[in-house]
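Asker: need a structure here:
(one chain, ligands or ions: 1)
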Amino acid sequence: MKRIATIQDFSCVGKCSLTVALPIISAAGIECCGIPTAVLSNHTGFPSFYSRDLTDDIPNICQQLHTHGITFDAISTGYIASISQMGHIEEFIRGFRSENTLVFVDPVMGDNGRLYSQITEHYAEKMRGLCAHADIIAPNLTEAYMLLGKDYDPEPDGAELRDMLKELTELGTKTVVITGIIRGSEIGCAAVDGSSFFEAYGEKQDVFCSGTGDIFASVLLSAILRGKDFGQALEISVKFTAEAARFTAGDADRKFGVNFEQALPYLIKMLES
Ligand code: PXL
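Answerer: Okay, here's the model as predicted:
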């Protein structure tokens, strides 16, 4: 069985980060080892939250996993609670990366042109450094502009997107996926993998929730590890995220995140076909 280490927060309420990655990656038939960067009462999109930063615990977790000779087929990162833990996370990647380990960085910093609480320009600078360790990065449009140090444009045209993708590879990663791109009534992603460009779109719902990007990232990584080619993996990720958004469209309160649970049978079907 393939094994993924995913390094991100555990938010008790408001589906995102580990509470999304664990069920999705497990449903995909892959062992998911969650390395928590922090424990939050709820995600930062609520009016208030309690957060216990686990920066000092990461090296101890790392050391024990080395003691037991644990190896990973992929390492992914998501929301990182503080700048001080970026160095530990880079150390984790350096320590557990082998020739065949895929490193996937989702540079979680904001959405819809706005940064999440506690994210600063200095944080973005550190995130650029983390991206340099990755084989794949998957920023949303807001994060892509933030990484490039440019002003946000909610609807860049095709030429601008291609330029952005190319520029983002200059951070040191071969593959870049920009998510959350709106094209009329559709939403999807654009990507570059070496010299090949890709796009995938699905029906857009009127659903803006924390955790949508986390769902996309978990599916994309799972599909790649399940042996799908990159284009197919993008299609599956867009279709699953759209399906999960459909199950959420009727909910009045968006704080609780996307109802991806009901869409999991569809993910399993797509991965098996
Ligand atoms: O989904 C991104 C995310 C992850 N983790 C925490 C968050 C958010 C977005 O708000 O607050 C704690």
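Asker: Could I get the contacting residues of residue 261?
Answerer: Residues in contact with residue 261, defined by CB atoms under 8 Å, 6 or more residues apart in numbering, are residue 23. Placement of C-beta: from N, CA and C, glycine included.
Asker: in a strand, that's where it is, yeah?
Answerer: No - judged by DSSP: H, G, I helix; E, B strand; the rest coil, residue 261 forms no part of a strand; its state is helix.
Asker: ok, it to the ligand distance?
Answerer: 16 Å (CB to the nearest ligand atom, to the nearest Å).
Asker: Look up the pLDDT of that residue for me, please.
Answerer: As predicted, residue 261 sits at a pLDDT of 97.
Asker: Neighbouring strands - and their directions - for the lowest-mean-pLDDT helix or strand in the chain?
Answerer: Taking mean pLDDT, DSSP states H and E as the measure, the chain has strand 114-115 as its least confident helix or strand, at a mean of 92. Sheet neighbours of strand 114-115, with direction, are listed as strand 110-111 (antiparallel) (DSSP bridges).
Asker: taking the mean pLDDT, what do you get for the partner strand?
Answerer: Mean predicted lDDT for strand 110-111 stands at 94.
Asker: before we move on, what about stretch 217-229?
Answerer: Mean predicted confidence for stretch 217-229 is 98.
Asker: And for stretch 126-142?
Answerer: Stretch 126-142 comes out at a mean pLDDT of 97.
Asker: still on that earlier bit, need the next SSE after the least confident helix or strand of the chain, C-terminal direction.
Answerer: helix 121-131 (DSSP states H and E).
Asker: buried sites along that following helix?
Answerer: Using 16 or more other CB atoms under 10 Å as the test for burial, helix 121-131 gives 123-124, 126-128, 130-131.
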